[in-house]
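In: I need the structure of the sequence given here:
(2 chains)
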Amino acid sequence: MASIRVVHYLNQFFGQIGGEDKADITPFSKDGPVGPGTVLEKALGDDMPIVGTVICGDTYFNENLENATEEVITLVASFKPDLLIAGPAFNAGRYGMACGAVCAAIQEKLKIPVVTGMYEENPGADMYKKEVYIVKTGNSAAQMRTAVPALARLATRLVKGEVMGSPAEEGYLARGIRKNIFHEQRGSARAVEMLLKKLKGEPFTTEYPMPVFDRVSPRPAIKDLSKAKIALVTSGGIVPKGNPDRIESSSASKFGRYDISGINDLTEETFETAHGGYDPVYANKDADRVLPVDVMRKLEREGKIGKLHDVYYVTVGNGTSVANAKKYANAIGQELKQEKVDGIILTST
Amino acid sequence: MVKELEEVVDVPVVHVCTVVPISLTVGANRIDPAVAIPHPLGNPQLNRDEEFALRTSIVEKALKALSTDVNEQTVF
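Out: Okay, the predicted model is just below:
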């Protein structure tokens, strides 16, 4: 059989261009595999060479979704591929969004099989799992060794047109597709078995998982801003200079609360960012760019808001699990509730 | 975080962020689009006054979001 031409999509980091300082680079391509592509090509086998790699900075992609997608499509198409593999992106949010968007667009425009890989909590997974096959990976690049063979396996099956099994069998994220099958046991018997297991407290697998509606109803608006106490919260890692609580630059294990009463402006000398997931130059120079204390003070002086709450809360949203984000927000929320704030501005990077 | 804060504190929360699709996926009810990932409320290309004015406009939009009733996810 003729060889299958594979194109690989990577971000600036895995594309070996650089870290956050290079996250702004526009898409470009290289012949052959780059970085993890070398291992991926080995896993794919001799008849599936990676003919080209398309690389784009995560920040550029996410800030210019439409243009970036178009540019990437053109570059990918120039290799005349039979298959596109993106990532894996693990738990990197912007990278996951890019991999998902690229896969969805290539699948639609070039009508070729696409596959990517990411951690199930990656926002890109939620956004694109219904459209594209996303192989379930661990949450960090440390799991590259297990992620690559899984990606290669699914990609091979897809491109060869083999019958795809269930998400659990194949290791991809459920796409919400239901298939009719003949089961050797009738439904009533299976239901009774399941019920008996449930009663005994034994593990069982449902055949019809209920969708999780994880939504919160919007709270009513603030009636009179000029009397309202507004709190600032950020996942952008803004901390007093020196990071006194040592909030980690990724996978933060805690949040911080810092008193800003009497502070009118965040300066280069007094505040900085602890966040390791974006280029820190701009926030270190002027942290108001992430946590707008200066503007809030001005609006407070002008009487447009009643008061800026004396304390702000911060964590680093970088590779943070949903469970931890929820836990920190719950603790922060309990305090803000006691302090009777009327509204919250949450800034994210 | 945005959902948990709204639920626990029981007051409106506005999410100021650059990548709006992520915020929509996560489930924020009030969304205020920002400038760029490393400087959501600023732009280092501008001079000091221009940048302050830009930041003021984003914060004012956030306040407008907090003082506007919404029934569903809304991008301001």
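In: where's A:S249, which helix or strand?
Out: Secondary structure from DSSP states H and E places A:S249 outside every helix and strand.
In: Check the gap between B:P44 and chain A for me.
Out: Noted for B:P44: a distance of 5 Å to chain A, by CB to the nearest CB, to the nearest Å. All C-beta spots, glycine's among them, are computed from the backbone N, C-alpha and C.
In: any idea whether that residue is helix, strand or coil?
Out: Here B:P44 is coil, with the state taken from DSSP: H, G, I helix; E, B strand; the rest coil.
In: So which residues on the stretch 151-300 of chain A come close to chain B?
Out: Contact residues, the stretch 151-300 of chain A versus chain B (CB under 8 Å from any CB of the partner chain): A:214-223, A:225, A:228, A:230, A:233, A:235-236, A:278-283, A:285-286, A:288-292, A:294-296, A:298-299.
In: what about the longest helix belonging to chain B, near chain A?
Out: The single longest helix within chain B, with elements called by DSSP state H, is helix B:48-66. Yes: using CB under 8 Å from any CB, helix B:48-66 reaches chain A at B:51-52, B:55-56, B:58-60, B:62-63, B:66.
In: Just want the residue of the stretch 151-300 of chain A that's nearest chain B.
Out: A:R289 (3.1 Å; CB to the nearest CB).
In: Tell me the buried residues in stretch A:100-113?
Out: A:100-107, A:110, A:112-113 (16 or more other CB atoms under 10 Å in any protein chain shown).
In: Now do the longest helix of chain B: which elements does it pack against?
Out: helix A:293-301, strand A:343-347, strand B:13-17, strand B:30-33 (3 or more CB pairs under 8 Å, 6 or more residues apart in numbering or on different chains; DSSP states H and E).
In: So A:E108: helix, strand or coil?
Out: helix.
In: returning to that earlier point: what's the burial count for the nearest residue to the residue of the stretch 151-300 of chain A closest to chain B once chain neighbours are set aside?
Out: Using CB to CB, 6 or more residues apart in numbering or on different chains and skipping residues adjacent in sequence, the residue nearest A:R289 is B:G42, 3.1 Å away. By the measure other CB atoms under 10 Å in any protein chain shown, the count of residues near B:G42 is 25.
In: what's the answer for A:N330, then?
Out: Considering only other CB under 10 Å, A:N330 is surrounded by 14 other residues.
In: Please apply the same query to A:A142.
Out: So A:A142, with other CB under 10 Å, has 10 neighbours.
In: quick one on the thing from earlier: can you go through the residues of the stretch 151-300 of chain A next to chain B and name the buried ones?
Out: So, by 16+ other CB under 10 Å, the buried ones in these are A:216, A:218-219, A:221-222, A:225, A:228, A:230, A:233, A:235-236, A:278-280, A:282-283, A:286, A:288-292, A:294-296, A:298-299.
In: Strands of the stretch 101-250 of chain A, residue ranges please.
Out: A:114-118, A:133-136, A:229-234, A:238-240 (DSSP state E, counting those that start in this stretch).
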